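Colleague: Okay, here's the prediction I keep looking at, along with the sequence it came from:
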4 protein chains.
Amino acid sequence: MIAILKNGTTPAQTEHLIQWLKNMNLDVHVSHGHEVTILGLVGDTSRVDIELLNSLEIVETVKRVSEPFKQANRKFHPEDTVIDVGGVKIGGGHFAVIAGPCSIETEEQITEVAMAVKASGANILRGGAFKPRTSPYAFQGLKDAGIQLLLKAKEASGLPIITEIMNIRALELFENVDIIQVGARNMQNFDLLQELGKTKKPILLKRGLANTLQELLMSAEYIMSEGNENVILCERGIRSFETYTRNTLDLSAVPVLHELSHLPVIVDPSHATGKASLVPTMAAAAVAAGTDGIMVEVHNNPACALCDGAQSLTPAQFDALNTKLRKIREVMA
Amino acid sequence: MIAILKNGTTPAQTEHLIQWLKNMNLDVHVSHGHEVTILGLVGDTSRVDIELLNSLEIVETVKRVSEPFKQANRKFHPEDTVIDVGGVKIGGGHFAVIAGPCSIETEEQITEVAMAVKASGANILRGGAFKPRTSPYAFQGLKDAGIQLLLKAKEASGLPIITEIMNIRALELFENVDIIQVGARNMQNFDLLQELGKTKKPILLKRGLANTLQELLMSAEYIMSEGNENVILCERGIRSFETYTRNTLDLSAVPVLHELSHLPVIVDPSHATGKASLVPTMAAAAVAAGTDGIMVEVHNNPACALCDGAQSLTPAQFDALNTKLRKIREVMA
Amino acid sequence: MIAILKNGTTPAQTEHLIQWLKNMNLDVHVSHGHEVTILGLVGDTSRVDIELLNSLEIVETVKRVSEPFKQANRKFHPEDTVIDVGGVKIGGGHFAVIAGPCSIETEEQITEVAMAVKASGANILRGGAFKPRTSPYAFQGLKDAGIQLLLKAKEASGLPIITEIMNIRALELFENVDIIQVGARNMQNFDLLQELGKTKKPILLKRGLANTLQELLMSAEYIMSEGNENVILCERGIRSFETYTRNTLDLSAVPVLHELSHLPVIVDPSHATGKASLVPTMAAAAVAAGTDGIMVEVHNNPACALCDGAQSLTPAQFDALNTKLRKIREVMA
Amino acid sequence: MIAILKNGTTPAQTEHLIQWLKNMNLDVHVSHGHEVTILGLVGDTSRVDIELLNSLEIVETVKRVSEPFKQANRKFHPEDTVIDVGGVKIGGGHFAVIAGPCSIETEEQITEVAMAVKASGANILRGGAFKPRTSPYAFQGLKDAGIQLLLKAKEASGLPIITEIMNIRALELFENVDIIQVGARNMQNFDLLQELGKTKKPILLKRGLANTLQELLMSAEYIMSEGNENVILCERGIRSFETYTRNTLDLSAVPVLHELSHLPVIVDPSHATGKASLVPTMAAAAVAAGTDGIMVEVHNNPACALCDGAQSLTPAQFDALNTKLRKIREVMA
């Protein structure tokens, strides 16, 4: 870590700061440059509060020379991580097609969708049992019962399953869930991350709506530093001023995360755009951007033709999409 | 709730949608206007998924005529809520001056700061025991031991205390804490909010970095709908493109929240700006904007003169600030 | 246009508003629904100030039923517009590969790059003569002399050329320029847009850093309403909180603009990402998102190997990119 | 300027970069620190393209040690600038109360408002003649005729006047205008800024919706570097994700701009909030934040009682506001 001191800093102030840093068990190398003095901090700088240091009046700027994430860092782990999910591999050239309904409603619904998406090429089934909702009065999912229905669909289809956790107290319900999802709103629920780090379950970690890519990697680090290296990153749109799409899908996240980290990166175009008409196009773009998988909402509700306009694809649309994605993956290889 | 259907919607599609809505136990009033058809939905519309409805292909737009928050809504509760915190009142003309260090470090530190800020006019003591940190390797606070030290400072100073909770499992530690703080990152940790709603403790709910004011009120509603009406809202800056300040303090939040809700509104200029030099000015602006209180960081570390440049005020700066704020409150009254 | 009046609006207030609207030569259809009154406004609503109407105390919400853009609107012009640029077509299946250096420096530089990018498949040459710079002290481009050098490169290579205009007074210099570019900072320089609307030149209109897609289309409308229908839209990244990339490339803009408008849509991954390592990936993603062309920076400076790390590609990197893009376009067709 | 090179940079690469920098007439001081090499660049670094330098692969980070703005910089001009506007002073303790209608409509309207706001304590009259509008079909103002009406109101009231310029070709119309306003959309219309820099007129420069405070100061520098030092900065809200207010008023801009610059800073709460009910509160907050003046919309349209809900204040509301602001200014002094 480098700290650049402001022009005009007195020797006494500089010495004071150096002592403060040494008290944190850091070595401090001083270079007196033109106009500025530069301190090189050596040792375990991960405990230094960079915001505090940066806000000191005598400090011009602080810069970490090494990224603050270690276990998620590609520098220390150059090969792609490949995560095994009930026999399905993700990352390092293995592509995940995660599909299913937004919410689990009935055994018939989840099982039918499971069979349909499997037939079209999905290799993992998604379905929401615990639903984070802005309003306390909105439907919050079938909860425990939803998990049970999802497990039946897993048995019927043979597909591994993914569903979201919202509270660590519910962990035992997830025993036979193959991937535990942490939603965007919980990306910095650090206690939840640490508890999940004590399991060996694959964790799909969604980027928060206002979180930087470095913050996403630091949250992955929370899980990994507890011993669980099975983290899958997920870009699902950030909040911007544009209102035509529900969120702004930041596809640059895919190559950036691949540069910085060895972890697999998944894209969720359904939640990002909020419009079924945009999902296939943005899924294709995600594949061209190098994503290790996509997660899309597919419903199967013949009684509700209306729902076709929402963010979920019909099984037929999903089938057509998969054919297209395969072709793109072939030319990208 | 009003749904406007697109020009060109067929009678069959309209009928289909109406049946779907009626299945949710809603009455549907149809008006055929020029170009458009308008559906007025009557009944408990709080369970309608507005995003889903809005995304249907035949729907032009959906508009709630009544706000989705009920208990936090000023329309149903015109008088300001006044919250009693260990004898100190907040809201309805009662002003909270919450001060203390960012992190609790030692008994001496927290007690000295407590006595100093009390002497300057603070009526509530703050101090962090559980610290949400972006990095798992950063100092996470003294945790349980920190709470114990804070309780000692409470006893010594007689000031009620506020500190942050990060995990509902720690709730029993907060028995003698006067206000439980929910941090910005947990504003949409709905399970935590619901659990806190089952207590009677005053809850200070901080706005998330990318959350709208309506979302903040919906999170308050999560707490209130479980039976706890003692919610204090807190504006602490949102994330924007501007990097000179740590966050962008959205002071318009104060009059807007006062228009929409009867709950008290507090402003935290320390975290919002991240710079001690800006804190007094923005605290003054917050008072002129009608805030029901401020929460500022004050440190007391004669051994660390360096820290004076950070976001914390010295006791002397805090004392001067309080004198200024009193004058502004007098002319605002 | 629909205006929904608030519950509690008096008949006198309603009548007052109706008269005000009728004074703008609008017909007003009134529907009294449950809880609300709805006004349907018929006539030339493009002159109604929607923000003013929306801000009236008795108005709950206002909604345009038809988009405010007419000539750029796909509803009134279902087929893709194909723009002819010196014999090269853009849109409707015709793909533009626009390449060249950020700034024009010397005749040798611009001509060498022109020949190199042509050999790799570029069909339009770009190069900056007037450079908008944040600082008045930074290099502002070769200006008039730069245009002359660009014209020489056009002659030498046979490629049509594009370059940016910053001031309508310079228009005569652009006589032999094939596409005039309006930069992101001038997207709402309405006087400039209107003047360019009086020419017949193809105009490449870049999205502003904080502008919505609807605002982009309204700016296209400024040009088209003056008689110039040759507008090419360009997504080049928006400003968000993420700082790893220079801007956030909003690729959803491509399918959204194609839904809303018949105009061609180009993507500039160089300015959006600011990093050469990300340009090929995001160019590929743009093609999969359905872009009608890409605009990328290519330099040719053997004396400056350092520049390889910046946002410009080397001719060799550009050549490899083009091969990849052709393959993706083939499978997308 | 400091450039920190990445760990692993070869001596040849370092030497290559140093030569490149020396070719820009810079002296380069090299410090070999632990892990990194640091280059201190001395000389006229204002011409260095910091984004280009930063994007080189071997460069870890670049940091300007001195701000890139010179004439607007408080470091080189410690005293507040006081600008004389037709006898009215702004800055350095002199407070501007700028009021008037959004658009100039008739002689009667503008003159009546002028007399009313003067009576309430306004010392400068505002009114829009050239109106930047998102839509080409919306009312664009009375243009030349509007300026003539404003001049009549100036004569009748004795108040100096401010109005917006959109095109440098209209400059001669502004001969008797006391302050020329540059709107938010033109904040980076650099050619316009430079032309205005050649006049001696006071310029009110509004912050762009997505522009940082440093960019605002760089745009001021464009005007000042041409010889016109009479620049007034104006905060009028930035674009964020919050939609309840039209824009997000960033009041921290006031103390930050006062720290960085000696130029006067004005706040426009009318455009920032878009709601009359919020204007008085945010004007009061702006005064407490230390603004050198406010600019508020006041209309006087007895025939249109409806307009009371919009962003404009009535003369009576404006009168009450002024009384309140005077009291706050007294206690702030």
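Modeller: That came in fine, so what should we check first?
Colleague: all contacts plus neighbour counts: C-alpha atoms, from now on.
Modeller: Noted.
Colleague: so how far is stretch A:275-291 off the chain centroid?
Modeller: Centroid separation between stretch A:275-291 and its chain, computed with Cα atoms, centre = their mean, to the nearest Å, is 17 Å.
Colleague: Let me see the mean pLDDT of that stretch.
Modeller: For stretch A:275-291, mean pLDDT is 96.
Colleague: Repeat that for stretch A:58-76.
Modeller: Mean predicted confidence for stretch A:58-76 is 86.
Colleague: Can you tell me the closest non-neighbouring residue to whichever residue of chain A sits closest to chain D?
Modeller: Residue nearest to chain D within chain A: residue A:241 (4.9 Å; Cα to the nearest Cα). In space, and not counting its chain neighbours, residue A:241 is closest to residue D:241: 4.9 Å by Cα to Cα, 6 or more residues apart in numbering or on different chains.
Colleague: Quick check: buried residues in the lowest-mean-pLDDT helix or strand in chain A?
Modeller: Lowest by mean pLDDT, DSSP states H and E among the helices and strands of chain A is helix A:50-55, with a mean of 79. Within helix A:50-55, the residues scored as buried using 16 or more other Cα atoms under 10 Å in any protein chain shown are A:50, A:53, A:54, A:55.
Colleague: could you dump the residues you listed to JSON lines with distance to residue A:317?
Modeller: Below are the buried residues of helix A:50-55 laid out as JSON lines (distance: Cα to Cα, whole Å):
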{"residue": "A:50", "distance to residue A:317": "48"}
{"residue": "A:53", "distance to residue A:317": "53"}
{"residue": "A:54", "distance to residue A:317": "51"}
{"residue": "A:55", "distance to residue A:317": "53"}
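Colleague: Distance to chain C added to those residues, as a markdown table?
Modeller: Listed next are these as a markdown table, based on distance: Cα to the nearest Cα, whole Å:
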| residue | distance to chain C |
| --- | --- |
| A:50 | 17 |
| A:53 | 20 |
| A:54 | 17 |
| A:55 | 19 |
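Colleague: from those residues, which two are the most distant?
Modeller: A:50 and A:55 (8.5 Å; Cα to Cα).
Colleague: Which residue ranges of chain A form helices?
Modeller: Under the criterion DSSP state H, helices of chain A are mapped to A:11-22, A:50-55, A:107-120, A:144-157, A:190-197, A:213-224, A:253-260, A:269-273, A:279-288, A:315-332.
Colleague: can you tell me which of these the model trusts least?
Modeller: The lowest average pLDDT among those, as it happens, falls on helix A:50-55, at a mean of 79.
Colleague: Residues touching it, excluding its own?
Modeller: The contact list for helix A:50-55, computed with Cα atoms under 8 Å, 6 or more residues apart in numbering or on different chains, reads A:59, A:60, A:61, A:62, B:274, B:275, B:309, B:310, B:311.
Colleague: The third one - nearest residue in space that isn't next to it in sequence?
Modeller: Of all residues beyond its chain neighbours, the one nearest residue A:61 is residue A:4 (5.4 Å), with distances taken as Cα to Cα, 6+ apart.
Colleague: and that neighbour, what does it touch?
Modeller: Residue A:4 touches A:36, A:37, A:38, A:39, A:59, A:60, A:61, A:62, counting by Cα under 8 Å, 6+ apart.
Colleague: try it again with 10 Å
Modeller: If you count contacts by Cα atoms under 10 Å, 6 or more residues apart in numbering or on different chains, residue A:4 has them with A:30-33, A:36-40, A:54, A:58-63, D:2, D:63, D:65.
Colleague: So which of these are in strands?
Modeller: Members of those lying in strands (criterion: DSSP state E): A:30-32, A:37-40, A:59-63, D:2, D:63.
Colleague: Just send the residues you listed back as a markdown table, with neighbour count too.
Modeller: Converted to a markdown table, the ones in strands among the contacts of residue A:4 look like this (neighbours: other Cα atoms under 10 Å in any protein chain shown):
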| residue | neighbour count |
| --- | --- |
| A:30 | 18 |
| A:31 | 17 |
| A:32 | 12 |
| A:37 | 19 |
| A:38 | 25 |
| A:39 | 23 |
| A:40 | 21 |
| A:59 | 21 |
| A:60 | 21 |
| A:61 | 19 |
| A:62 | 19 |
| A:63 | 18 |
| D:2 | 24 |
| D:63 | 18 |
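Colleague: do stretch A:97-110 and chain C meet?
Modeller: No - judged by Cα under 10 Å from any Cα of the partner chain, stretch A:97-110 and chain C are separated, with a smallest distance of 17.8 Å.
Colleague: and of the ones in strands among the contacts of residue A:4, the nearest to chain B?
Modeller: residue A:59 (9.1 Å).
Colleague: Any idea what that closest one is bridged to?
Modeller: In this structure, residue A:59 bridges to residue A:5 when assessed by DSSP bridges.
Colleague: Equivalent analysis for residue A:231, please.
Modeller: residue A:203.
Colleague: List the residues that contact it.
Modeller: Counting by Cα under 10 Å, 6+ apart, the residues that residue A:231 touches are A:72, A:81-83, A:179-181, A:197, A:200-205, A:217, A:220-221, A:223-224, A:263-265.
Colleague: Go again with 8 Å.
Modeller: Shown in contact with residue A:231 (Cα under 8 Å, 6+ apart): A:202, A:203, A:204, A:205, A:220, A:223, A:224, A:263, A:264.
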